[in-house]
Each structure stands twice: as C-alpha cells, then as structure tokens.
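Q: any chance you could fold what I've pasted below:
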Amino acid sequence: MRRHATRAAVALALAASLAACSPTPSGPTMTAAEAADRVSSLGMGAGGVLADPAVADLGQALDDIAPAGLPEGDGHQLPRGVYELDSESGTWVQVGDSDDLELDWTTDPDGLPAELLVDWDASGPTVTRTLAAGGQVELPTGANATLTVDGEVVVDLDQTGTWPENQCGTLTEPGDLYLDGQVTHGDATLVVDMVGFSVDAGEATATADGSGGLELTVPAGRAWVDWDASLELDITRDEATCEITDGKVTSGRLRVDAGVDAEDGEGSVGFATDFAPVTDPSTAETTGLALTNGRLTIDGELAVTWDGVLDDADGDGVPGENLELTFEDGTMTLEEFIREQFGLALLGSRVLGALR
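A: Residues are numbered from 1 along each chain as shown. Here you go, the predicted structure:
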C-alpha cells in the first residue's frame with residue numbers, strides 16, 4: 001500500500017511540475033465574436049451606471065449652482081477678496097479683503113446659500129512669470145477650490161502646476177497642470193484622480209503627456225476610467241520670443257483602462273497602442289495612423305492584437321482595411337471585423353444619415 005501511495009505521489013508531483021513548466025498562451029485567447037460580445041456587454045453595464053438618475057441630478061445640480069464667472073482682476077494678479085453676487089445685475093461686488101478668493105451667492109432656483117473658496121497657495125506658493133508678449137502674470141502652483149452649498153461640500157479640488165521659463169526667460173508653455181479631488185451631490189460621487197497634462201519642450205522637440213482617472217459611484221454601481229497618453233513632436237520656435245510657432249506630431253502612445261461594477265456583474269477592458277502619423281509624400285498631408293503594439297484586454301485576458309495602418313484608403317466610409325487584427329481564431333482587418341460584428345448597426349447609421 002505504501003509503495004502504491006509513493007508512486008501516486010511521485011506521479012502527481014511530476015504532473016504538477018510539467019504543468020508549471022508549460023508555457024502559458026502568449027497570444028489572444030478570444031475569438032472575434034467572443035471579443036465583440038464581451039465588449040458589448042461591458043458597454044451595456046457602463047450604460048446602466050451612467051443612466052442612473054443620480055448622474056443626471058449631479059449634472060443638473062452643478063449647472064444650477066455654477067457661479068456667474070469670476071471677478072475680473074487686473075490681468076496680472078490672481079483675483080482675491082470676498083465678493084457677493086448682485087442678483088439683479090449679475091455682477092460680483094467686493095465686500096471684503098482676503099488673500100484668497102471667496103464668492104458668495106444664492107443658488108437658482110433653490111435659493112440655497114453657496115460659497116466658492118479658492119485658496120491660491122494652499123500647498124504651494126504662487127509664482128510670477130514674464131510673458132513673451134510682455135507683462136507678467138501670477139500663477140498658482142498648489143491651489144485648492146472648495147464649493148459648498150447650504151453648508152455641504154459639493155466640490156473639493158486640489159491643483160498643482162509648474163510654470164517653467166524657456167530659453168528667452170519667458171513663459172510660453174506650461175510645465176504641468178493637474179487636478180485631484182472629488183465632486184459629490186446626493187447619491188453620486190465623482191472622484192478626480194490627478195487629471196491633467198505635462199509638457200516638456202526643448203528647442204526643437206517636445207513631449208506632451210496627458211493622464212488621469214475618473215471614478216463615478218451611484219446606486220446602480222461604479223464605473224471608472226484611467227488613461228495615459230503621450231505625444232512626441234517636432235517644434236519650431238520664434239528666434240526672438242522663443243514662442244512655439246509650429247508643431248508636428250511624430251509619434252505617440254495611448255493607454256486606456258475602464259471598468260464597471262454593477263448589480264449584474266463587473267468587468268474591465270484595457271486598450272493600448274503606439275501610433276505615428278502616415279503622410280502622403282507628395283502633399284505632406286496626413287492620410288492615416290500607423291498602429292503598432294496594439295492590445296485589447298477584457299477582464300485581464302488578451303482579446304486581440306493589431307498592427308498596420310488605420311485609414312480609409314478605399315473611401316467606403318468604413319476605416320480599417322489596412323489594419324490587421326489577430327484573434328484566437330485567426331486574423332482579419334478592422335473593416336472586416338466592423339462589417340461582420342456590427343453590420344446591422346453600420347447599415348442603420350447610414351440609412352439615418354441618408355434620411356437627414
């Protein structure tokens with residue numbers, strides 16, 4: 001009995017070892033139909049969250065309580081002081097002094113007291129920069145904006161920014177600018193996670209990056225999206241002012257991850273690709289985008305990869321005849337995928353377009 005048990009144990013150990021050493025699938029694990037169905041399912045889930053009445057209530061509330069612009073400053077310094085809104089003229093009247101900016105008004109149509117407080121140096125001092133066109137401007141590096149309605153905080157956002165000087169000692173483009181915080185009203189909460197952009201520009205080239213995340217929570221569930229994009233550019237500067245007078249994108253990359261967690265389930269999708277403009281050598285006009293290293297993941301599984309040129313070379317209104325998609329069950333062009341999986345929707349949109 002012990003000999004049989006030992007043999008069984010050795011066999012199990014060997015099988016486990018072989019399984020651990022076996023290569024995991026490196027290519028797509030979904031057919032074209034499966035990928036289309038799962039993307040559609042995710043879209044329906046996200047649609048259910050976005051259709052929650054709390055989302056519309058949030059948008060309407062922000063529209064109703066939005067102040068009538070900001071007080072006009074001298075154009076060089078950030079506006080400061082305590083202001084009240086004259087409901088008859090719709091203008092701000094200064095009623096006090098402050099190192100911050102405080103706006104007080106009554107919401108319409110609810111008649112609730114509202115206040116917007118902007119602390120220009122909440123986490124960093126303001127800076128003064130000389131402009132290429134002449135004059136100076138004061139800019140925040142670490143501000144905070146808080147909006148309260150009837151004593152409850154609706155918006156709480158932090159701002160961070162850098163404002164570099166160029167070779168001429170002037171400000172012509174920002175270094176970076178980001179917002180972080182949340183917006184809350186009723187049953188809806190929108191979290192803003194470091195949404196913004198950054199620019200790193202030299203004499204002849206520049207890199208522009210944009211990134212951030214948004215997460216919406218309502219009774220119907222939760223939906224979120226994160227993104228990261230980058231552009232490489234060739235730039236031309238004015239020799240006298242150092243201002244950028246022209247820019248041409250040479251390459252870039254894009255990553256977007258999104259997900260939904262609702263009553264009928266949860267799921268996520270990830271999109272990533274590198275790209276570069278394709279130009280017509282005779283006209284120098286951009287005719288498409290060369291896409292490389294393209295990947296779409298669904299719930300952590302690789303659904304499809306792609307490589308080629310995104311354009312509409314045959315002019316039939318359906319792009320993608322030169323972009324090859326690879327699924328578990330083979331390859332096809334993007335145009336073939338669109339026609340095969342979304343043919344009826346495509347036909348419907350064309351009919352509606354013809355009737356307009």
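Q: going forward, measure contacts between C-alpha atoms and count neighbours the same way
A: Will do.
Q: where does pLDDT dip in the stretch 251-356 of the chain?
A: 343-356 (pLDDT under 70).
Q: okay, strands next: where are they in it?
A: Using DSSP state E, counting those that start in this stretch, the strands found in the stretch 251-356 of the chain span residues 265-279, 286-298, 301-310, 323-327, 330-333.
Q: could you pull out the buried residues of stretch 255-267?
A: Within stretch 255-267, the residues scored as buried using 16 or more other Cα atoms under 10 Å are 255-262, 266-267.
Q: run the chain-centre distance for that stretch.
A: Centroid separation for stretch 255-267 versus its chain: 16 Å, with Cα atoms, centre = their mean, to the nearest Å.
Q: what about the helices in the stretch 1-150 of the chain?
A: 2-21, 32-50, 53-65 (DSSP state H, counting those that start in this stretch).
Q: so what pairs up with the closest residue to Val149 other than its chain neighbours in the strands?
A: Spatial nearest neighbour of Val149, excluding adjacent residues (Cα to Cα, 6 or more residues apart in numbering): Ala114 at 4.4 Å. Beta-bridge partners of Ala114, counted by DSSP bridges, are Trp105, Val149.
Q: quick one: Ala114 and Thr107 touch, right?
A: Yes. With contact defined as Cα atoms under 8 Å, Ala114 reaches Thr107; the gap is 6.5 Å.
Q: higher neighbour count, these two?
A: Taking other Cα atoms under 10 Å, Ala114 and Thr107 do not tie; Ala114 has more neighbours (21 against 18).
Q: residues contacting the more buried one?
A: Ala114 sits next to 65, 104-107, 147-151 when contact means Cα atoms under 8 Å, 6 or more residues apart in numbering.
Q: okay, it: pLDDT?
A: Confidence at Ala114, expressed as pLDDT, is 93.
Q: what's the answer for the one 4 residues further on, then?
A: Model confidence at Val118, given as pLDDT, is 96.
Q: nearest spatial neighbour of it, skipping sequence neighbours?
A: Distances taken as Cα to Cα, 6+ apart place Ala145 nearest to Val118, at 4.4 Å, with adjacent residues excluded.
Q: okay, the strands of the stretch 251-356 of the chain in a markdown table with distance to Thr170 next?
A: Putting these into a markdown table (distance: least, Cα to Cα, whole Å) gives the following:
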| stretch | distance to Thr170 |
| --- | --- |
| strand 265-279 | 31 |
| strand 286-298 | 33 |
| strand 301-310 | 39 |
| strand 323-327 | 44 |
| strand 330-333 | 49 |
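Q: which of the helices of the stretch 1-150 of the chain has the lowest mean pLDDT?
A: Ranked by mean pLDDT, the helices of the stretch 1-150 of the chain end with helix 2-21 at the bottom, a mean of 37.
Q: OK, contacts around Asp228?
A: 209-212, 254-256.
Q: so the residue nearest to Val118 sits against Leu117, correct?
A: Yes. Ala145 lies in contact with Leu117 (Cα under 8 Å); the separation is 5.7 Å.
Q: returning to that earlier point: I'd like to know which of the strands of the stretch 251-356 of the chain lies nearest to Asp100.
A: strand 265-279 (41.6 Å; Cα to Cα).
Q: show me the beta-bridge partners of Leu85.
A: Applying DSSP bridges, one finds that Leu85 bridges with Trp92.
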